[in-house]
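> build me a structure from this.
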Amino acid sequence: MRTSRNLGRKHAASEHGAPVNRALRAFLGFFAAPRVNIRRDYQKIRRRQRKLAAPLGSPSRATDYTVASSHGDHLIPIRVFHPKEQLRDEVLLFFHGGGWVTGGVESYTPTCSRMADLTGCTVVSVEYRLAPEHPFPAGLSDCYDVARTVMDQPHLVGTDNADNIVLVGDSSGGNLVAAVSLLRRKRGERAATRQILLYPVTYWNHRSLTSPFESVREHGEDYRLTNVEVQDYMALYVPNPAQRRDPLVAPLMAKDFTDQPSTLVLSAELDLLRDEGEAYGRALQQAGNMVRIHRVEEALHGFIALPWMARSVRDAYEQMNDFLGEERKGEQRDREEKP
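Residues are numbered from 1 along each chain as shown. Got it, this is the predicted structure:
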């Protein structure tokens, strides 16, 4: 059994159920995303994201490639970001957020470029197909195909060792990371050695009256993401309600959590997805996997896209770099101890 550690610590106010400071709530309200009808306006959101990203262009240290799908019917675009200074051998395979409906390589280019620089790792961002045009399991299939390709042929992304491939995703991208790892285990394939889940979606029910998670009731109607929006995203991604309990849609519904990658879960204190992400980390932990769970205090959903000087972003990258460094040391010790 691999050693299991939990470095997470709860904010004092959250532990005792006290509300977040009113002044802080008012301040954070300025950062709340405007409420939209996801089912009706998802195309407008995509256009807005492309418009905002267009002036930024692709950084000089990024290169675009494609990966063939397993069905051979389409190519999956990827963008490879190289850091200003290569400090690690790891390659971070990144699945973006956006509720499986919005987001993409272009809109996440600033985030991935910064991720490469702040970790010293090469980052590979995947342009998986989006719902509702391509509902479940299309996006998952694309992510799985890219993961399979780079793990089978790691030299394609600049490393000679599949152990250097680390799966990373935020929000719905974190959901896809967890699903890819579960699917690889289900198919008897070698798991990635490590995965980083940033405020992931891991459960199917986000209704305040029936959800088992208190964070849905605490933060389901404010700040960056609401429970109605999550449900709308889920409905576009998985139109059949009965299918939403599939572990590849809601990883917490899995019956077997063994043989999963060493995992870092980063949750956001003021996020309705907070509790389900942490619950997934505990489920992995209880199954004998090495897991770190860290709650980023006073952080909103989607904080990884904020400027690097934001406290939540600095905290997240401290945790990510520590996780990557400690895991590499642990793997080296394991090799040295083998006869």
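
> quick one: the helices in the stretch 101-250 of the chain, in order.
Under the criterion DSSP state H, counting those that start in this stretch, the stretch 101-250 of the chain contains helices at 109-119, 138-152, 172-186, 214-219, 227-237.

> from those, which stretch is densest packed?
helix 172-186 (a mean of 25; mean count of other C-beta atoms under 10 Å). Any C-beta I mention is one placed from the backbone N, CA and C, and that applies to glycine too.

> picking up where we left off before, kindly reformat the helices of the stretch 101-250 of the chain as TSV containing distance to Leu130 and mean pLDDT.
Formatted as TSV, the helices of the stretch 101-250 of the chain follow (distance: least, C-beta to C-beta, whole Å; pLDDT from 0 to 100):
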stretch	distance to Leu130	mean pLDDT
helix 109-119	17	96
helix 138-152	7	97
helix 172-186	10	98
helix 214-219	24	96
helix 227-237	9	97
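
> dump those helices into a markdown table; add distance to Ser69 as well.
Formatted as a markdown table, these follow (distance: least, C-beta to C-beta, whole Å):
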| stretch | distance to Ser69 |
| --- | --- |
| helix 109-119 | 22 |
| helix 138-152 | 5 |
| helix 172-186 | 14 |
| helix 214-219 | 35 |
| helix 227-237 | 18 |
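
> and the ones you listed: which comes nearest Ile45?
Closest to Ile45 of the helices of the stretch 101-250 of the chain is helix 227-237 (C-beta to C-beta; 10.6 Å).

> outside of the closest one, which residues touch it?
35-39, 42, 99-101, 131-132, 135-136, 139, 172, 201, 204, 206-208, 211, 216, 220-221, 244, 249, 272-273 (C-beta atoms under 8 Å, 6 or more residues apart in numbering).

> CA atoms only: put it into PDB for me.
Provided in PDB are the C-alpha atoms of helix 227-237 (Å, rounded to 0.1, in the frame of the first residue of the first chain):
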ATOM      1  CA  ASN A 227     -25.400  25.200  -8.700                       C
ATOM      2  CA  VAL A 228     -27.900  26.000 -11.600                       C
ATOM      3  CA  GLU A 229     -25.000  26.600 -13.900                       C
ATOM      4  CA  VAL A 230     -23.300  23.300 -13.000                       C
ATOM      5  CA  GLN A 231     -26.500  21.500 -13.600                       C
ATOM      6  CA  ASP A 232     -26.900  23.200 -17.000                       C
ATOM      7  CA  TYR A 233     -23.400  22.300 -18.000                       C
ATOM      8  CA  MET A 234     -24.000  18.700 -16.900                       C
ATOM      9  CA  ALA A 235     -27.300  18.500 -18.900                       C
ATOM     10  CA  LEU A 236     -25.500  19.700 -22.000                       C
ATOM     11  CA  TYR A 237     -22.600  17.200 -21.500                       C
END
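
> just after that helix, pick out the following helix or strand.
Next along the chain after helix 227-237, taking DSSP states H and E as the criterion, comes strand 262-268.

> list the helices and strands that next one packs on?
Packed against strand 262-268 by the contact rule (3 or more C-beta pairs under 8 Å, 6 or more residues apart in numbering; DSSP states H and E) you find strand 194-198, helix 274-286, strand 291-296, helix 311-337.

> kindly report which one of those carries the lowest mean pLDDT.
In terms of mean pLDDT, the lowest-scoring of those is helix 311-337 (a mean of 77).

> how about the contacts made by Leu324?
Contact analysis of Leu324 by C-beta under 8 Å, 6+ apart lists Arg88, Glu90, Thr119, Cys121, Val166, Arg194.

> what's the burial count for the second one?
The reference is to Glu90. The burial count assigned to Glu90 is 24, neighbours taken as other C-beta atoms under 10 Å.

> now the fifth one
Residues contacting Val166 under the criterion other C-beta under 10 Å number 27.

> residues contacting it?
Residues near Val166 by C-beta under 8 Å, 6+ apart: Glu90, Val91, Leu92, Leu93, Cys121, Ala192, Thr193, Arg194, Gln195, Ile196, Leu324.

> what bridges to it?
Beta bridges link Val166 to Leu92, Arg194, judged by DSSP bridges.

> and it, how far from Met151?
Distance check for Val166 against Met151: by C-beta to C-beta, to the nearest Å, it reads 11 Å.

> please, which helix or strand holds Val67?
Assigned by DSSP H and E, Val67 falls within strand 62-68.

> now that strand against helix 109-119, angle please.
In terms of direction (axes from the mean of the first three to the mean of the last three C-alpha atoms, to 10 degrees), strand 62-68 departs from helix 109-119 by 110 degrees.
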